[in-house]
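kindly generate the corresponding structure for this input.
(one chain, ligands or ions: 2)
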Amino acid sequence: MKIFAYGIREDEKPSLENWQKANPEVEVGYTDQTLTPETAKLADGASGVVTLQTTPYERESLRILNDQGIKNISIRNVGYDNFNFDDLKEFDMKLSNVPVYSPNAIAEHAVLMIGRLLRRIPEVDQKFDNGDFTWAPTIGKEYREQTVGVIGTGHIGRVAIQMLQGFGAKVIAYDVYHNEDIEKQGLYIDTLDELYQQADVITLHVPLTSDNAYMINDDAISKMKDGVYIINCARGELISNEALIKGLDSHKIAGAGLDVLDHENNVFGKKWGSIDNLPDPTIKNIAERLNVILTPHNAFYTETAIRNMIEVSFNSNKDLIEGKIPDTLVFSKK
Ligand code: NAD
Ligand code: COI
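Ligands and ions are numbered 1, 2, ... in the order given. Down below sits the predicted model:
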């Protein structure tokens, strides 16, 4: 049995070597390149592929895999919004993900972003760089004075709620499905509109679907409190960049913490030398602001997460190849 992996980074290699040692019967090939029509042939001879990328999985890449008899794809991450399920159906492919590699990694990132915005740390850092060691005007706000609206109470949202409660914030939550524990705590409110009306801080922890793309748009922002903070560690396409900029310009939005951005692949993953060199004017506009904290889709990026991403994705791919159905299965025609 051979598994071929795409987009393998140096930091993943120790975990990959450990998996290989534990599974000597499996031949593993890999490349640091992502899965594209140009690289799809590299998997020749494999029965399954393991991948991770934020760019779309093109139909042509899947067609070339299919021509090589490869029907099993295992992503090393949670979100599978960059697949078109019609393509998977057409080629009768099975897809698995790693649904819970470390919710804490992403939840911590979101909660730290909130804290840094509340204490105006980017402004404090800039003052420090200028040798200004005075207090004013960077007076902060405390978590315990904030109502935080958590949208999405799945694996990540629930850990974020625990952490926020630890800091003393009042949490309200919205989800299309109710979690028993969150329900027991009485945190759910009925509608997004109510959450927008009540929340001082809003943090997004939902998958991107065809129903919720650009859910944070002009209309949604107009329903929010003046001076709201918006955090997005889920998917960039949940927020309209243009609406966000308008909200920041008008001070309706006091600040934003963004680990993901619409059109993030225009800038993330590359070294630009300086913000001044960003080629996407809309993203540059957002990135330049001192009340915006922007990170390059690295909320997931912890040692624990990487270990689990490799182990679970390769185990899932091996299961798929052996005809077993792993509990990480995301798509199968049958
Ligand atoms: P999850 O599936 O455990 O939870 C998602 C929750 O969202 C579920 O409870 C679901 O009912 C709810 N939901 C779905 N659509 C909704 C909608 N339209 N409105 C309200 N609630 C809705 O997923 P998770 O592990 O918590 O991850 C959430 C998302 O975070 C992932 O889908 C992924 O896009 C993103 N993510 C980002 C990073 C990162 O590094 N920034 C890492 C992992 C995951
Ligand atoms: C996910 O796991 O869904 C992420 O967003 C992480 C990223 C490496 C794709």
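
what residues does stretch 256-268 touch?
Stretch 256-268 has contacts (CB atoms under 8 Å, 6 or more residues apart in numbering) with 54-55, 106, 109-110, 113-114, 116-117, 214, 229-237, 239-241, 244, 248, 278-280, 282-283, 286, 291-299. The way it works is simple: take the backbone N, C-alpha and C, and place the C-beta from them, glycine included.

beta partners for residue 229?
Following DSSP bridges, residue 229 is listed with bridge partners residue 201, residue 255.

what parts of this structure come near ligand 1?
Counting by CB under 6 Å from any ligand atom, the chain comes close to ligand 1 at 78-79, 103, 106, 151-157, 174-177, 205-209, 211-212, 233-235, 259-260, 297, 299-300.

what sits against residue 190?
With CB under 8 Å, 6+ apart, residue 190 has no contacts at all.

mind redoing it with 10 Å?
Counting by CB atoms under 10 Å, 6 or more residues apart in numbering, residue 190 touches residue 174.

again with residue 215
Contacts of residue 215 (CB under 10 Å, 6+ apart): 151, 192, 204, 206, 208, 209, 237, 238, 239, 240.

ok, back up a step: in strands only, show me the residues of the chain next to ligand 1.
151, 174 (DSSP state E).

how about the residue in the chain that ligand 1 sits nearest to: what's its closest non-neighbour residue?
Closest contact between the chain and ligand 1, by CB to the nearest ligand atom, is at residue 154 (1.6 Å). Spatial nearest neighbour of residue 154, chain neighbours left out: residue 205 (6.5 Å); criterion: CB to CB, 6 or more residues apart in numbering.

so what's the residue count around that neighbour?
26 (other CB atoms under 10 Å).

and this structure, which residues reach ligand 2?
Neighbours of ligand 2 within the chain, by CB under 6 Å from any ligand atom: 52, 54, 77, 78, 79, 297, 300.

wait, doesn't the third one sit right on residue 313?
Yes - at 8.4 Å, residue 77 counts as touching residue 313 under the criterion of CB atoms under 10 Å.

just put the contacts of residue 215 in TSV and tack on distance to residue 319, neighbour count and pLDDT.
What follows is the contacts of residue 215, written out as TSV (distance: CB to CB, whole Å; neighbours: other CB atoms under 10 Å; pLDDT from 0 to 100):
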residue	distance to residue 319	neighbour count	pLDDT
151	33	25	99
192	38	17	98
204	32	25	99
206	28	21	98
208	26	20	98
209	26	13	97
237	31	20	98
238	32	23	98
239	36	26	98
240	40	19	98
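
what's the closest of those to residue 145?
Among the contacts of residue 215, residue 151 lies closest to residue 145 (CB to CB), at 20.6 Å.

my read is that the closest one contacts residue 188, right?
No - the criterion here is CB under 10 Å, and residue 151 misses it with residue 188 at 11.3 Å.

who touches both of those two?
In contact with both residue 151 and residue 188: 172, 173, 174, 175, 195, using CB under 10 Å, 6+ apart.

and the first one, that's in a strand?
What it means is residue 172. Yes - judged by DSSP: H, G, I helix; E, B strand; the rest coil, residue 172 forms part of a strand.

going forward, count from 50.
OK, 50 is where the count begins now, so the last one is residue 221.

does it touch residue 240 like I think?
No - assessed by CB under 10 Å, residue 221 is found out of contact with residue 240, at 11.2 Å.

who has more neighbours out of those two?
residue 221 (20 against 9).

check contacts around the more buried one.
196-200, 210, 235-238, 243-244, 247-248, 251.

now do it against residue 353, distance only.
Distance, residue 221 to residue 353, by CB to CB, to the nearest Å: 29 Å.

which residue is nearest the middle of the protein?
Geometric centre of the chain, nearest residue: residue 283, 4.0 Å, by CA atoms, centre = their mean.

how about that one: what's its closest non-neighbour residue?
Residue nearest to residue 283 in three dimensions, not counting chain neighbours: residue 253, with 4.5 Å by CB to CB, 6+ apart.

neighbours of residue 251, how many?
Neighbours around residue 251, by other CB under 10 Å: 29.

make sure it is actually in contact with residue 278.
Yes - if you go by CB under 10 Å, residue 251 and residue 278 touch, sitting 7.3 Å apart.

which residues are in contact with each of these two?
163, 197, 302, 305.

reformat those residues as a markdown table; add pLDDT, secondary structure and neighbour count.
Output for the shared contacts of residue 251 and residue 278, formatted as a markdown table (pLDDT from 0 to 100; DSSP: H, G, I helix; E, B strand; the rest coil; neighbours: other CB atoms under 10 Å):
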| residue | pLDDT | secondary structure | neighbour count |
| --- | --- | --- | --- |
| 163 | 99 | helix | 26 |
| 197 | 99 | strand | 27 |
| 302 | 99 | strand | 25 |
| 305 | 99 | strand | 26 |
